[in-house]
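**Q** mind folding the following:
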Amino acid sequence: QVQLVESGGGLVQPGGSLRLSCAASGFTLDDYAIGWFRQAPGKEREGVSCISGRGGGTYYADSVKGRFTISSVKAKNTVYLQMNSLKPEDTGVYYCAVLRRAVVAARFVDYWGQGTQVTVSS
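**A** Here you go, the predicted model:
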C-alpha cells in the first residue's frame, strides 16, 4: 500500500527557512519521481519541484528557483524540500506526490500525501 506522509510545516517569518519531509512507503524511490505541490487559499494547486527516481534529476518552478532545494535519501525512502528565503507568497498547504513521469503536473500524479501547512508571516 502506497503511503506518503509529509511533515515539517509551520509558521515562519519572511526570510526564514523550513525543511519539509515526505516519508514514502509501499514503493521505493528508485521506481518513481516525487513531486512537491502547494495550494494557497483560493488558488489552484501548483507544482513546485520534483526529483526523478533513478537519475535524481530535479526541476523547480521559476517562483522558487534558487531558494528551494529538493533531495532524497533513499536509505530512508524520504524526499526533502529545503525552503530558504521564504516569502509570504510561499504560504499554502504543501503536498508531496508520486509522479508517473518526472513532470510536476497534477495530471501525472498517482498518489497524494495529506499535506502540511506552511505559513510565512511576520
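
**Q** so what pLDDT did residue 31 get?
**A** Note for residue 31: predicted pLDDT of 89.

**Q** and what about the residue nearest to the spatial centre of the chain, helix, strand or coil?
**A** Nearest to the mean C-alpha position of the chain, by Cα atoms, centre = their mean, lies residue 36 at 2.5 Å. Secondary structure for residue 36, judged by DSSP: H, G, I helix; E, B strand; the rest coil, is strand.

**Q** what about it, distance to residue 116?
**A** Residue 36 sits 10 Å away from residue 116, going by Cβ to Cβ, to the nearest Å. The C-beta positions use only the backbone N, C-alpha and C, and glycine is treated the same way.

**Q** name the residues contacting each of those two.
**A** Residues within reach of residue 36 and of residue 116 at once, by Cβ atoms under 8 Å, 6 or more residues apart in numbering, are 20, 94.

**Q** show me where this protein has its strands.
**A** Assigned by DSSP state E, the chain shows strands spanning 3-7, 10-12, 18-25, 33-39, 46-51, 58-60, 68-73, 78-83, 92-99, 109-112, 116-120.

**Q** who does the last one pair up with?
**A** It stands for strand 116-120. Partners of strand 116-120 in the sheet, by DSSP bridges, are strand 10-12 (parallel), strand 92-99 (antiparallel).

**Q** now that strand and strand 33-39, what's the angle there?
**A** Orientation of strand 116-120 against strand 33-39 (axes from the mean of the first three to the mean of the last three Cα atoms, to 10 degrees) gives an angle of 50 degrees.
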